[in-house]
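>>> Sequence and predicted structure, then a few things I'm wondering about:
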Amino acid sequence: MLLALLLCYAGWAGLCLSMDRHFLHVSGRPASARHRLGLRLGGWLLLGASLWAALPGHALGVGLVQWSALLMFSALAWVLLLPYRPRLAVWVAGLGLLASPAVAMVSL
Amino acid sequence: MKEAFRQSMAWLHTWAGLIFGWLLFAIFLTGSLSYFRMEITQWMQPEARLEVVDAGTAIGLAQRYLEQQAPKAESWFITLPDARQPAIGIMWVNHDGFVLKRLDPRNGAELPVRDSRGGDFLYRFHFELQMPYPWGRWLASGAAMLMFVALISGIITHKKIFKDFFTFRPRKGQRSWLDGHNAVGVLVLPFHLMITYSSLVIFMSMVMPAGILAGYGDRPQGFFNEVLPVSDAPEAAGQPGTLAPFGPMLEQARQAWNGAEVGQVEVYHPGDRNASVSLLRRSSDGVIYDPGTGLLLQGSSGQVLSATTLGSWPMRIAGGFYGLHMGHFATPILRWLYFFCGLAGTAMIGSGLVIWLGKRQLKHAGTAVLPFELRLVEVLNIAGMAGLVVAVGGFFWANRLLPVALAGRAGWEVNAFFIAWALMLVHAVWRRGRRAWVEQLGLAALLFAGLPLLDALTTDGNPWRYLLRGDWLMLGFDLAFVGCAGLFAWAAWKVRRAGLPKDSTIARRERVRPARTGALEAEMN
C-alpha cells in the first residue's frame, strides 16, 4: 500500500508540474516543451504503475477501492502541501520515487 | 445558450447547497465518524478492554449462556466477535420483547459495561436524525437527493475543472475559500458521488417504490420475500429437544463457503425438538455486502436444511453500492482513508456555506448590522458547524462524566449532545459573528484537548499505560483527540486573525515573505 501511495503522489506531482503555472511557481522559470511532455508522460505512467502496485495481495474489488482512496488522498495531500511548501512537496515526491524500489523489494 | 445553462446550474448549486447544507454537514460529519462506530463504542465502554477469541470458543460460551438463561426463548441471535467488536453480542426474543446482552469472551459472563449507545448513536443519527421512523430516513434521503443535485450542478458550474485541478491559493480570502471548496470537491469527487448515490441505493425501496408497487400492488412484502432468501425455519413441534454444539456447525459453514467466516448465528425455537440454526456470512470479507448467503441447519443434528447464496446480478450491484458505502471490509488504513474522504466531503459542504455567506456579506461590509436573512445564515453556519463539533465533544464528555448507575444513562449521553448543540445555537444568536466562531471553536479545542485528561481521571487507563499495554485503540483515541483539539485551536486562531484590521495582517505577512508573495500574486492573477 505504501508503494502505491508513493507512486500515486509522484504521479500527481508529475501531472501537476507539467502545467505551466505550477512549474513556474515551483522552479521560478517556465518549463520547456520537452519538460512538460516528460512530466506529463511520467505522471501518467506513475499513476498507471500505482494501480499495478495496489492490486496484488487483495481481492480485486478491495484492491480497486484502496487504489481509488490512495489516488484521492495523495492528490489532496499534494494540492494542500504545494502552495505552503512547494519545495518540500516536490522533495517528497522525489524521495518517494527513490525509495519506491526499496519499498517494492520489501513488500513483494 | 451554453452560458445561460451554466448560470442556471450555478443558481441551482447555490440554493440546493444552502437549503440542505447544514443538515448535510451534520450527516457527513457524523457519517464520517461512523466509520469508527465500533471503535467509538469500545472507547465508550472502557471497562471491557478485550482480546479477540476465535469463533469456536465464542460460540461455545454464547450457547452455554443462552441455554442457561433463555432456554424457553422464541429465538436467539448471536453476533460473533471480531477485532473491531471483541465482545460477544447476544439477543433473545420472548413473546413479550427482546433482551440484549454482551458477553465477556474470556469466560462467557455478562460484561459489566456502562450503559451507552457509543458509536451507534452517531451512526443512527447520520441517517435517522433522531427523528421517529420513517421521517428521519425520509429527510436524510431528501438531503442526499439534494446533495446529488448539488454535486452534478457543481460540476457543470465549475468552469475550469482540469485547468484548476491542482490549484489552491491560500491567504486570499474569498478566492482561497472557493479554491478550497473546488479542491476538496474535485479531487475527492469519486468518493462524493459514490457516497451520495449509494445512500440513495440503500434506501431505494423507500425513495423509489414505484417499480415494486407496480409489480406487487398492495403487497410489497412479496418483493422482499422473492429477492431476499427467507429463512424457511421449521415450525415448533411443541416437544422438548436438545441442541447439538454450535462449534462444529461453524466449521461446516466455513467449508461450504470456501473458508468465509460466519458473522451471525440465529437459532429458532431453541428448546424445541424442531429447533433450527441459521448461519449468516460475515459482511466484512468483501466489498459486496451480502445479506443473502446463509445456511439453515437442523438444531439437533446439524443436518443441512437449506442453503442460500447471493442471487442475481442486480442484487450484487446493489450489494456493491451498499458495501462501498458502509466500508465494512476496510482494513485499518483504508478505514482512515474512508474517514478522511468523509471529512473532505464535510469540508466541501462547510466551505460552500461559508462562501455563500461571504459573497453576500461583502455588500454589507460597511454596515454594522447584517440584514436578517444573512444574519440567519451566519447563526446557522456557526451553530451548524462549530456548534456541532462542540456537541460531539459534549457527547464524549458525557460518556465519562455521567454516573454509571444513572437511570437511562445512554439516553442522557444523547441528551448531552443535543443540549450542547442547542446551547451553541443560543450562543451564536447572542454573540456577534466572528466572536461566536472563535469562542465555539476555542471551546471545541478545549473539550477535545481535555478528553485524554478526563479519560485518565475517570478510568484506570492513561496514555502511558495504553502504550505499555499496547492498547492502540485507546492510545489512538487520545492522539486523535489532541489532533482534533489542535485543528480547532488553529481554526479559531485563523478566524480571529482574519478579523483583525486588514493593514496589520498584510504588513506582517509582507515582512515574513515579501518576495514570494509578490511573485505569486503576479503569476496567479
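Cool, got the structure.

>>> Now do the phi/psi pair for residue B:91.
When read as degrees, to the nearest 10, the backbone of residue B:91 gives phi -150, psi 140.

>>> Show me what the closest residue to it other than its chain neighbours is bridged to.
Using CB to CB, 6 or more residues apart in numbering or on different chains and skipping the chain neighbours, the partner closest in space to residue B:91 is residue B:77 (4.4 Å). Where you see a C-beta, it was placed from the backbone N, CA and C, and this is true even at glycine. Following DSSP bridges, residue B:77 is listed with bridge partners residue B:91, residue B:266.

>>> Please work out the average pLDDT along stretch A:84-93.
Averaged over stretch A:84-93, pLDDT sits at 95.

>>> That should have said stretch B:321-328, apologies.
The predicted model gives stretch B:321-328 an average pLDDT of 94.

>>> before we move on, the earlier item: tell me who's in contact with the residue nearest to residue B:91.
By CB atoms under 8 Å, 6 or more residues apart in numbering or on different chains, the contact list for residue B:77 reads B:89, B:90, B:91, B:92, B:93, B:264, B:265, B:266, B:267.

>>> Tell me how far the last one lies from chain A.
Put plainly, it is residue B:267. Distance of residue B:267 to chain A, given as CB to the nearest CB, to the nearest Å: 31 Å.

>>> what's the pLDDT at the nearest residue to that residue once chain neighbours are set aside?
Distances taken as CB to CB, 6+ apart place residue B:76 nearest to residue B:267, at 4.2 Å, with adjacent residues excluded. As predicted, residue B:76 sits at a pLDDT of 95.

>>> What's the local residue count around residue B:76?
Around residue B:76 there are 25 other residues, counting by other CB atoms under 10 Å in any protein chain shown.

>>> OK, contacts around it?
Each residue near residue B:76 by CB under 8 Å, 6+ apart is listed here: B:66, B:70, B:90, B:91, B:92, B:93, B:265, B:266, B:267, B:270.

>>> ok, now with 7 Å
B:66, B:70, B:90, B:92, B:267, B:270 (CB atoms under 7 Å, 6 or more residues apart in numbering or on different chains).

>>> Who wins on neighbours among these?
residue B:267 (26 neighbours).

>>> State whether that one and residue B:279 are indeed in contact, as I suppose.
No. Contact criterion CB atoms under 7 Å: residue B:267 and residue B:279 do not qualify, at 10.1 Å.

>>> what are the phi and psi values for residue B:188?
The phi/psi pair for residue B:188 (degrees, to the nearest 10) reads phi -110, psi 20.

>>> these two touch, right, it and residue A:73?
No. Using CB under 7 Å, residue B:188 makes no contact with residue A:73, being 8.5 Å away.

>>> State the distance from the residue nearest to residue B:91 to residue B:220.
Between residue B:77 and residue B:220 the distance is 25 Å, computed by CB to CB, to the nearest Å.

>>> gap between residue B:420 and chain A?
For residue B:420 relative to chain A (CB to the nearest CB), the value is 30 Å.

>>> returning to that earlier point: with neighbour numbers in mind, choose between residue B:188 and residue A:73.
Taking other CB under 10 Å, residue B:188 and residue A:73 do not tie; residue B:188 has more neighbours (25 against 21).

>>> Now do the helices in chain A.
For chain A, the helices defined by DSSP state H cover A:2-17, A:20-27, A:33-54, A:60-81, A:86-107.

>>> deepest of the ones you listed, which one?
helix A:2-17 (a mean of 25; mean count of other CB atoms under 10 Å in any protein chain shown).

>>> Show me the shaky parts of chain A.
Within chain A, the stretches with pLDDT under 70 are A:108.

>>> near chain B, which residues of it?
Chain A comes close to chain B at residues A:1, A:16, A:21-22, A:24-25, A:59, A:61-62, A:65-66, A:68-69, A:72-73, A:75-76, A:79-80, A:82-84, as judged by CB under 7 Å from any CB of the partner chain.

>>> Give me the phi and psi for residue 28.
Chain wasn't specified; assuming chain A. Dihedral pair for residue A:28: phi 80, psi 0, per degrees, to the nearest 10.

>>> Hmm, no, I was thinking of chain B.
Note on residue B:28: backbone dihedrals following degrees, to the nearest 10 are phi -70, psi -40.

>>> among the helices and strands of chain B, which one scores worst on average pLDDT?
Using mean pLDDT, DSSP states H and E, helix B:514-524 stands out as the lowest-scoring helix or strand of chain B, at a mean of 38.

>>> In this structure residue A:20 contacts residue A:27, no?
No. Using CB under 7 Å, residue A:20 is not in contact with residue A:27; the gap is 11.1 Å.

>>> circling back to that earlier point, closest one to residue B:448 among the helices of chain A?
helix A:60-81 (21.7 Å; CB to CB).

>>> Residues in contact with that closest one: which ones?
With CB under 7 Å, 6+ apart as the test, helix A:60-81 has contacts from A:1, A:4-5, A:8-9, A:12-13, A:16, A:50-51, A:54-55, A:58, A:88-89, B:166, B:168, B:183, B:187-188, B:190-191, B:286-288, B:324, B:329, B:334, B:337-338, B:340-341, B:344.

>>> Doesn't residue B:323 belong to a helix?
Yes. Applying DSSP: H, G, I helix; E, B strand; the rest coil, one finds residue B:323 inside a helix.
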